[in-house]
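**Student:** pasting the sequence and the predicted model now:
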Amino acid sequence: MRRLKPLLVLLLAVSCQGSSAQDMVRIPAGPFTMGSNDGRDDERPAHTVTLAAFDIDRAQVTNTEFAGFLERYGETDAQGQRYFDWDDGDARIHRVDGTWRADRGFEDHPVVEANWLGALAYCRSVGKRLPTEAEWEKAARGTDARRYPWGDVTPTAAHARFAGGWNDTVSVSAHAAYPSPYGVIGMAGNAWHWVSSAYRPYPYRDDDGREDLTPGTVRATRGGWTRLHFRGTAHHRARPHALASTLGGASQHRLQVRSLALSLSPQESPVPPSKALCEP
């Protein structure tokens, strides 16, 4: 299997915007067990995947941070495709007096109503990228094949947000007392997570086309909204242009964003501000 290049932390002035929740966590190199032999069919088989070390945001991207992105780069790409469903009743970011702002009381909640193109563009705008499905799963469950990010204890309201009203989210740090083995928080509940990977059968391979970023391919989503999807191995799917719609009949498919440090050589520079942030 082709190995992804080691990731380097790239700290930019625009990456954290003063938010302590958006520091990054180092996930060490090495193998882990991906998938499960006792889960749904699309979680099987359990198999070993070896990853290079990488850095992932400790918490999800917030409404305030995504509002800043919309303000700087606009709400559509060069083809006029939306990054964010701003006129949906569940959106928690709106233009106020000509400026994109998070709704009062939702500033530090995870951004939802952002599609995969918007998630990709946001991450690139801060010199990062979306995690692959394998990177997300290792960050969520570590190397001991635990069932949930916090271990094997059955989820309660103390562990994660679930079964609330439509878009009834909580702060990205609300469940910081129950992180993953590496200290990453919010890896279960609140809303689904976008990853870069296409939704494809296992075993996972990063050289079989699933990491091709060409828009149009159905993408995997992680993290879940109900306790049925809290397992670190559970995954679902959504179209890249989906904002809150679903595939496969799942409800409450709100989609949120988390990013990784972008792999750069010393000769490379971060993605400059442009209307081409979504181009592969």
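**Tutor:** That came in fine, so what should we check first?

**Student:** strands of the stretch 51-200 of the chain, start to end?
**Tutor:** All strands of the stretch 51-200 of the chain, identified by DSSP state E, counting those that start in this stretch, fall at 54-57, 93-96, 99-102, 128-129, 192-198.

**Student:** got the end-to-end distance for stretch 140-149?
**Tutor:** With Cα to Cα, to the nearest Å as the measure, stretch 140-149 spans 5 Å from end to end.

**Student:** ok, now how distant is the closest residue to Phe69 other than its chain neighbours from Asp144?
**Tutor:** Sequence neighbours aside, Tyr122 is the residue nearest to Phe69 in space, at 4.9 Å (criterion: Cβ to Cβ, 6 or more residues apart in numbering). Placement of C-beta: from N, CA and C, glycine included. Note on Tyr122: its distance to Asp144, by Cβ to Cβ, to the nearest Å, is 32 Å.

**Student:** tell me which of these two has more neighbours.
**Tutor:** For Tyr122 versus Asp144, neighbours defined as other Cβ atoms under 10 Å are more numerous around Tyr122 (27 against 10).

**Student:** was I right about the more buried one contacting Tyr83?
**Tutor:** Yes. Tyr122 lies in contact with Tyr83 (Cβ atoms under 8 Å); the separation is 7.5 Å.

**Student:** for Arg161, which of the strands of the stretch 51-200 of the chain is the nearest?
**Tutor:** strand 192-198 (12.2 Å; Cβ to Cβ).

**Student:** what's the burial count for Thr64?
**Tutor:** That count, for Thr64 with other Cβ under 10 Å as the rule, works out to 18.

**Student:** mind checking how far it is from Ala191?
**Tutor:** Taken as Cβ to Cβ, the span from Thr64 to Ala191 is 16 Å.

**Student:** next: Ser197.
**Tutor:** Separation of Ser197 from Ala191 (Cβ to Cβ) stands at 18 Å.

**Student:** list the residues that contact Thr33.
**Tutor:** Counting by Cβ atoms under 8 Å, 6 or more residues apart in numbering, Thr33 touches 46-48, 143, 145.

**Student:** specify the local secondary structure of it.
**Tutor:** Secondary structure assignment for Thr33 (DSSP: H, G, I helix; E, B strand; the rest coil): strand.

**Student:** identify the bridge partners of it.
**Tutor:** Thr48 (DSSP bridges).

**Student:** confirm for me that Thr143 is in contact with Ala29.
**Tutor:** No. Using Cβ under 8 Å, Thr143 is not in contact with Ala29, being 11.2 Å away.

**Student:** still on that earlier bit, list residues touching both of Tyr122 and Tyr83?
**Tutor:** 69, 114.

**Student:** before we move on, back to that, out of the strands of the stretch 51-200 of the chain, which comes closest to Leu117?
**Tutor:** Leu117 lies closest to strand 192-198 among the strands of the stretch 51-200 of the chain, at 9.8 Å (Cβ to Cβ).

**Student:** and that closest one, what does it pack onto?
**Tutor:** helix 116-125, helix 133-141, strand 219-222, strand 255-256 (3 or more Cβ pairs under 8 Å, 6 or more residues apart in numbering; DSSP states H and E).

**Student:** contact partners for Phe230?
**Tutor:** Neighbour list for Phe230: 148, 155, 159-160, 162, 188-189, 224 [criterion: Cβ under 8 Å, 6+ apart].

**Student:** could you find the closest non-adjacent residue to it?
**Tutor:** Per Cβ to Cβ, 6+ apart, closest to Phe230 is Ala188, 4.1 Å.

**Student:** low-scoring stretches of the chain, by residue?
**Tutor:** Under the criterion pLDDT under 70, the flagged ranges of the chain are 1-22, 165-167, 225-229, 242-280.

**Student:** list the contacts for the residue lying closest to Val153 once chain neighbours are set aside?
**Tutor:** Nearest residue to Val153 in three dimensions, chain neighbours excluded: His159, at 7.5 Å (Cβ to Cβ, 6+ apart). Counting by Cβ under 8 Å, 6+ apart, His159 touches 148, 150, 153, 175, 178, 188-189, 230.

**Student:** at 7 Å instead, please
**Tutor:** 150, 175, 178 (Cβ atoms under 7 Å, 6 or more residues apart in numbering).
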